[in-house]
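> Could you look at this predicted model? Sequence included:
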There are 2 protein chains.
Amino acid sequence: MEIPTFDDVLEAHARITPYIHRTPVLTSSYLNQLSGAEIYFKCENLQKVGAFKARGATNAVFKLDDSDAAQGVATHSSGNHAGALSYAAAQRGIQATVVMPHNAPATKKAAVQSYGGKILECEPTQAAREAMLEQVIAETGADMVHPYDDPRVIAGQATCVLELQQEIDKLDTVVAPIGGGGLISGTCLTLAALSPKTRIVAAEPANADDAYRSLKAGKIVLQDAQQSVADGLKTNLKPRTWHFVSRFVSEVLLASEQEILDAMYLTWQRMKIIIEPSSAVPLAVILKHRQLFEGQRVGVIISGGNVDLKHCPGCK
Amino acid sequence: MEIPTFDDVLEAHARITPYIHRTPVLTSSYLNQLSGAEIYFKCENLQKVGAFKARGATNAVFKLDDSDAAQGVATHSSGNHAGALSYAAAQRGIQATVVMPHNAPATKKAAVQSYGGKILECEPTQAAREAMLEQVIAETGADMVHPYDDPRVIAGQATCVLELQQEIDKLDTVVAPIGGGGLISGTCLTLAALSPKTRIVAAEPANADDAYRSLKAGKIVLQDAQQSVADGLKTNLKPRTWHFVSRFVSEVLLASEQEILDAMYLTWQRMKIIIEPSSAVPLAVILKHRQLFEGQRVGVIISGGNVDLKHCPGCK
């Protein structure tokens, strides 16, 4: 199992810089007052394709040598990684093929298509996804880019907190959402190298608390059929992301569905930015567990902004 | 009539920098493709108090000498200037008094109160506002800070395009919304000094087209009872703002109510930022008059993000 190193992160950053936005770090006096902390929001909702996923996918695509790249890339995803991989492939001028459940949201399908990605629809089960993806790879020779269980992807996601750290140092704590663990693994990778004293907190929906249970149990706990408005966070850890989570994450904090929506809505209203439910989980846990953050300099990764505003659960 | 100079702008910028955000300049490949232009959005929706108005108000408040400041500041406004002046006064530790029509939106009143501003309610007519404000000033000796007809305010608003120009040069055109003309006057003031070849376009709701008519007539045309979702733009020009508009604005372009809402909604969805209807007028006119902007480097001032998301006309 290949574990990426901090050198991989620095290489990734140089590699992807021409294709991604350097996203701003925003602050809000109102939220500072409410939390009692000094919060620095790294705004990946303002990233290409509206999510940090552009980083990992772009690193994977541009790390391929020309002959491998010519055969294209493939993945299965019903979320932001699908659009991100299609975006990255388009930047390199190669084909991306994405296996998506037939009931994936129309907006996610549209994002893939807008970048020229090819969608193959399957039944909405993990087994059906994996079988179809295997077939695609066998037929095309495409390179498989997993949404998070891939060292190139983790090194790419790690560039996000690298940029945050370059602008805002001496962070006491960094909070990022956790699903499959790609973003948090990258966060661990960078902070272990640059700021090992910074505490790393993962924020997870209580309705999809597999990472919380895993950290308690000391091993990966799998959960099926998790349900949450934070739909990007329903995935399970893999050994490669568990490697980082088990070593570097201090704790996993949970938020309820309502707390997540309240934090999302509060961010829209006060910070004037659109964030998706998954991205509101860090603020939700900070406000819920005020005493764990009070008086600290806290970095928060806002992971994405892809919300269908017409069918949004948080729109009141 | 005192007309501010570019030196006043540089002084203003130094004066207000500790109290305002340096707002990011964002781009969107999608909107570039749609418009055929290269658009640079200066995001004052992410400014303190959610609007560029923080700049002018802060400059006015901090330019006062201590003895004048001790008597406080006052204004009449039903919009962002009310909150901005209250914010600026709070930063200096002095009292702001704001005369507001009793039917002003609850969110605007709440903004004033959240910064410790004092609200005096009046009948919703221009005459009632001015009479009550005169009385306040007579009684308290407060310094009157007009929302736009004030050289300190214009110099403050001029710092917005100053920052844009520092980051993005060689702009062919800058588009800003026009109401009373404070923002556009500041834009003219800075660009006339730094980039006189940059074309300045004012964007106005067709339902509140007094600036459009004024430029056609060659003199200020007043209109009463203008109605628009872009409620910050219903005000009329004054001789001080007309000074700039008549000399430096190439043209005023109009957008319908629906075009404004469509552009607002498109910005929310694609750029992941909340902008208020007034701030969508520039994009609306760019998309409507594509041929006037195609192939150009275009700066757009996003003036603010104060929308009541619960009662928003653009929320579908």
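Structure received.
> use CA for all of it now, contacts and neighbours both
Noted.
> Next, work out how far apart A:Trp268 and chain B are.
7 Å (Cα to the nearest Cα, to the nearest Å).
> With A:Leu10 instead?
According to Cα to the nearest Cα, A:Leu10 and chain B sit 25 Å apart.
> how would you label that residue: helix, strand or coil?
Following DSSP: H, G, I helix; E, B strand; the rest coil, A:Leu10 is assigned to helix.
> Could you check how many residues crowd around it?
16 (other Cα atoms under 10 Å in any protein chain shown).
> One more: A:Asp143?
Neighbours of A:Asp143 using other Cα under 10 Å come to 21.
> Now it. Its backbone dihedrals?
phi -80, psi 130 (degrees, to the nearest 10).
> wait, is A:Phe262 part of a helix?
Careful, residue A:262 is Asp; it's not Phe. Yes - judged by three-state DSSP, A:Asp262 forms part of a helix.
> surely A:Ala90 meets A:Gly116?
Yes - counting by Cα atoms under 8 Å, A:Ala90 touches A:Gly116, with 6.8 Å between them.
> Find residues that contact each of these two.
Listed as contacting both A:Ala90 and A:Gly116 by Cα atoms under 8 Å, 6 or more residues apart in numbering or on different chains are A:Ala96.
> Dump the helix ranked longest in chain A to PDB, restricted to CA.
Longest helix in chain A by number of residues (criterion: DSSP state H): helix A:151-167. Extracted as PDB, the C-alpha positions of helix A:151-167 are listed here (Å, rounded to 0.1, in the frame of the first residue of the first chain):
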ATOM      1  CA  PRO A 151      -1.900   8.300  -3.100                       C
ATOM      2  CA  ARG A 152      -2.000  10.800  -5.900                       C
ATOM      3  CA  VAL A 153      -5.500  12.000  -4.800                       C
ATOM      4  CA  ILE A 154      -4.500  12.300  -1.100                       C
ATOM      5  CA  ALA A 155      -1.300  14.200  -2.100                       C
ATOM      6  CA  GLY A 156      -3.500  16.500  -4.200                       C
ATOM      7  CA  GLN A 157      -6.000  17.100  -1.400                       C
ATOM      8  CA  ALA A 158      -3.100  17.900   0.900                       C
ATOM      9  CA  THR A 159      -2.300  21.000  -1.000                       C
ATOM     10  CA  CYS A 160      -5.400  22.700   0.400                       C
ATOM     11  CA  VAL A 161      -4.100  22.900   3.900                       C
ATOM     12  CA  LEU A 162      -0.700  23.600   2.500                       C
ATOM     13  CA  GLU A 163      -2.000  26.900   1.100                       C
ATOM     14  CA  LEU A 164      -3.900  27.600   4.300                       C
ATOM     15  CA  GLN A 165      -0.700  27.100   6.300                       C
ATOM     16  CA  GLN A 166       1.200  29.400   4.000                       C
ATOM     17  CA  GLU A 167      -1.200  32.200   4.700                       C
END
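> Quickly check: that helix near chain B or not.
No - Helix A:151-167 stays clear of chain B (Cα under 8 Å from any Cα of the partner chain), getting no nearer than 13.9 Å.
> quick one: buried residues of that helix?
The neighbour-count check on helix A:151-167 (16 or more other Cα atoms under 10 Å in any protein chain shown) flags A:151-165 as buried.
> Which strand residues bridge whichever residue of the stretch 201-316 of chain A sits closest to chain B?
Using Cα to the nearest Cα, the point where the stretch 201-316 of chain A gets nearest to chain B is A:Ile273, with a distance of 4.2 Å. Beta-bridge partners recorded for A:Ile273 (DSSP bridges): B:Ile273.
> quick one, helices of chain A?
Taking DSSP H as the criterion, chain A carries its helices at A:6-16, A:29-35, A:53-63, A:66-69, A:80-92, A:106-114, A:126-140, A:151-167, A:182-194, A:210-217, A:239-248, A:257-271, A:277-288.
> ok so, going back, output the contacting helices and strands for the longest helix of chain A.
On a contact count with 3 or more Cα pairs under 8 Å, 6 or more residues apart in numbering or on different chains; DSSP states H and E, helix A:151-167 meets helix A:6-16, strand A:38-43, helix A:53-63, helix A:182-194.
> let's see it at 7 Å
helix A:6-16, helix A:53-63, helix A:182-194 (3 or more Cα pairs under 7 Å, 6 or more residues apart in numbering or on different chains; DSSP states H and E).
> model confidence over that helix, on average?
Averaged over helix A:151-167, pLDDT sits at 98.
> For the spatially most central residue of chain A, give me its contacts.
In chain A, the residue lying closest to the centroid (Cα atoms, centre = their mean) is A:Leu183, at 4.7 Å. The contact partners of A:Leu183, taken as Cα atoms under 7 Å, 6 or more residues apart in numbering or on different chains, are A:154, A:157-158.
> what does the stretch 1-150 of chain A put close to chain B?
A:24, A:45-46 (Cα under 7 Å from any Cα of the partner chain).
> If we use 10 Å, what do you get?
Within reach of chain B by Cα under 10 Å from any Cα of the partner chain, the stretch 1-150 of chain A has these residues: A:21-30, A:45-50, A:114.
> before we move on, what about the stretch 151-300 of chain A?
Residues of the stretch 151-300 of chain A lying close to chain B by Cα under 10 Å from any Cα are A:265, A:268-276.
> now for those, which pair is the farthest apart?
A:Arg270 and A:Glu276 (14.9 Å; Cα to Cα).
> Name the residue in these two with the higher neighbour count.
Shown here are A:Arg270 and A:Glu276; by other Cα under 10 Å, A:Glu276 has more neighbours (31 against 19).
> excluding its backbone neighbours, what's nearest that one?
Nearest residue to A:Glu276, sequence neighbours excluded (Cα to Cα, 6 or more residues apart in numbering or on different chains): A:Gly305, at 4.7 Å.
> was I right about the one you found contacting A:Lys53?
No - using Cα atoms under 10 Å as the test, A:Gly305 is too far from A:Lys53 to be in contact (11.4 Å).
> CA atoms only: put stretch A:189-196 into CSV for me.
Presented in CSV, the C-alpha positions along stretch A:189-196 are these (Å, rounded to 0.1, in the frame of the first residue of the first chain):
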residue,chain,number,x,y,z
LEU,A,189,0.0,14.6,5.8
THR,A,190,0.7,18.3,5.4
LEU,A,191,0.3,19.3,9.0
ALA,A,192,2.4,16.4,10.3
ALA,A,193,5.3,17.9,8.2
LEU,A,194,4.7,21.6,8.7
SER,A,195,2.9,22.0,12.0
PRO,A,196,2.9,18.8,14.0
